[in-house]
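> sequence and predicted structure, then a few things I'm wondering about:
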Amino acid sequence: MLRRNAIASLLATGAWTKKVAWTKGIDRYFEGAHGTSVLVDRKTRRLMAAHAPELAGGSAVPPGSTLKPLVLNALLERGLVRADDAFPCPGDLRLGGRSFACSHPPLGAPVTVRTAIAYSCNCFAAHYASRFRAGELTRVLERWGLGSLTGWFGEHEGAGRVWDAPPQLQALGEDGVLVTTASLAMAYCRLASRAAPAVLAGMADAVSFGTAQRARVTGLKVAGKTGSARTPAGVYLAWFAGFTDGAVVTVMLQGRSGGADAAPIAGRILEAHWKGRL
Ligand SMILES: [Zn+2]
C-alpha cells in the first residue's frame, strides 16, 4: 500500500471542516490505509457508520468492476442475457485502444453470469453489455441511483455522475460513470433487495472462492464484488461492495487490488457489525 495520501486530492469540496459524528468505531479497521467506507442497514437503508465521510459523500471516482453485478442484473431483467448463457472467455479484451484483459486464470469452462461475477470476467461483461441500446445503460445506472444523492450527509454531500459512453466501457466502470462510496452503497442496498439468483450466487461465490475471498467471515454469509480503478489523475483505487443479511458495506481506498486491499477491511467491518460491535 502506498504511503502518500493521494486520495485526499480527490476531494472536490472543502466544506467538510468539522469532525462529523458518523465514524462510530469504523476507523480502526483502516489501520492507516487511505480511503473511505460506509456501513448501511440493509432493510432501513439508514447510515450506520462511515469512515472519512467527507470522501464517502464527496469524491466521485470510477467504480471499476463493482458495477458488474448491477449491470448483469439489468441485462437479466431485460432478457438480454440468460442465467445459463455460456460464453467462452477469450481472455484478451481491447476497448478504445486500451487493454482490459481478464486477470482470472483459465476457467476450464465457458463463463456464465454467476462465474463472470465470481471471477470478475471483463470479456463476459463487455460482450453482453454491447446488447444495450444506445443510452440504455446510462438510464440503468441512473436508476440504481449512482448519480443521485443518498441524503446521508446532509448539505455536504456531492453526487456521482452518469453520462453516455460506450456500454462496454460503462459496464466495466471505466467510462460514463463516477460514483461516490455512498451512492454505490445505496445502489447495493437496492441490489440486495432484487438481485437475480445468478447474481446473488456469483457474489457469494466471489467471497467463498473468487476475487473477494479476503472478505470472508467464518459463520457469516457475505456476498460481494471487488473492483479496481484508476482516476484521471493516476490514483489507483481498490474497491469492495457487498452485503450480509443485515448490512451493506462499501470500501474504497488507495491501492492496486480490491481483493487484497479493500476486501479484508470490508470483512472486518461486516464481522464487527454482525457481532454487535458496530
Ligand atoms: Zn474473462
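Nice, thanks for sending it over.
> could you say which helix or strand holds residue 116?
Using DSSP states H and E, the secondary-structure element containing residue 116 is helix 113-119.
> contacting residues around the next helix or strand after that helix?
Along the chain past helix 113-119, the next helix or strand (assigned with DSSP H and E) turns out to be helix 122-129. Applying C-beta atoms under 8 Å, 6 or more residues apart in numbering, the external contacts of helix 122-129 come out as 65, 68, 71-72, 75, 80-81, 85, 87, 89-93, 95, 100-102, 111, 113, 116, 137, 167-168, 170-172. No exception for glycine: its C-beta is placed from N, CA and C like everyone else's.
> and for residue 64, nearest residue in space, chain neighbours not counted?
If you skip the residues right next to it in sequence, residue 64 has residue 227 as its closest partner in space, 3.2 Å away by C-beta to C-beta, 6 or more residues apart in numbering.
> the residue nearest the centre of the chain - nearest residue in space that isn't next to it in sequence?
The chain has residue 66 as the residue nearest its centroid, 3.0 Å off, counting by C-alpha atoms, centre = their mean. Nearest residue to residue 66 in three dimensions, chain neighbours excluded: residue 227, at 3.9 Å (C-beta to C-beta, 6+ apart).
> residues contacting that neighbour?
Contacts here follow C-beta under 8 Å, 6+ apart; on that basis residue 227 touches 63-67, 120, 173, 237-241, 258.
> now the helices: where do they sit in the stretch 51-200 of the chain?
Secondary structure of the stretch 51-200 of the chain (DSSP state H, counting those that start in this stretch): helices at 53-56, 68-77, 113-119, 122-129, 136-143, 167-171, 181-194, 197-208.
> and the angle from the second one to helix 181-194?
In terms of direction (axes from the mean of the first three to the mean of the last three C-alpha atoms, to 10 degrees), helix 68-77 departs from helix 181-194 by 40 degrees.
> buried ones in helix 68-77?
Going by neighbour count (16 or more other C-beta atoms under 10 Å), the buried part of helix 68-77 is 68, 69, 70, 71, 72, 73, 74, 75, 76.
> biggest separation within these, which pair?
Using C-beta to C-beta, the pair of the buried residues of helix 68-77 lying farthest apart is 68 and 76, separated by 12.1 Å.
> the helix holding residue 116 - contacts with which helices or strands?
Contacts of helix 113-119 with other secondary structure elements, assessed using 3 or more C-beta pairs under 8 Å, 6 or more residues apart in numbering; DSSP states H and E, are made with helix 68-77, helix 122-129, helix 197-208.
> any idea how far the residue nearest to residue 272 when sequence neighbours are not counted lies from the ion?
In space, not counting the residues next to it along the chain, residue 272 is nearest to residue 278; the distance is 4.7 Å by C-beta to C-beta, 6+ apart. Residue 278 sits at a distance of 35 Å from the ion (criterion: C-beta to the ion, to the nearest Å).
> residue 278 and residue 48 touch, don't they?
Yes - judged on C-beta atoms under 8 Å, residue 278 makes contact with residue 48 at a distance of 6.6 Å.
> so for these two, which residue has more residues nearby?
residue 48 (20 against 17; other C-beta atoms under 10 Å).
> contacts for the helix or strand harbouring the more buried one?
Here residue 48, judged by DSSP H and E, is contained in strand 47-51. Counting by C-beta under 8 Å, 6+ apart, the neighbours of strand 47-51 from elsewhere in the structure are 20, 22-27, 29-30, 35-41, 56-57, 150, 152, 182, 247, 269, 273, 278.
> what parts of the stretch 1-150 of the chain come near the ion?
Neighbours of the ion within the stretch 1-150 of the chain, by C-beta under 5 Å from the ion: 89, 102, 121, 123.
> contacts only, for the second one.
Put plainly, it is residue 102. 89, 91, 92, 93, 119, 120, 121, 122, 123.
> please apply the same query to residue 264.
214, 215.
> which residue, other than its chain neighbours, is closest to residue 129?
residue 171 (3.5 Å).
> residue 68 is in contact with the one you found, correct?
Yes - checked against C-beta under 8 Å, the pair residue 171 and residue 68 is within contact range at 7.1 Å.
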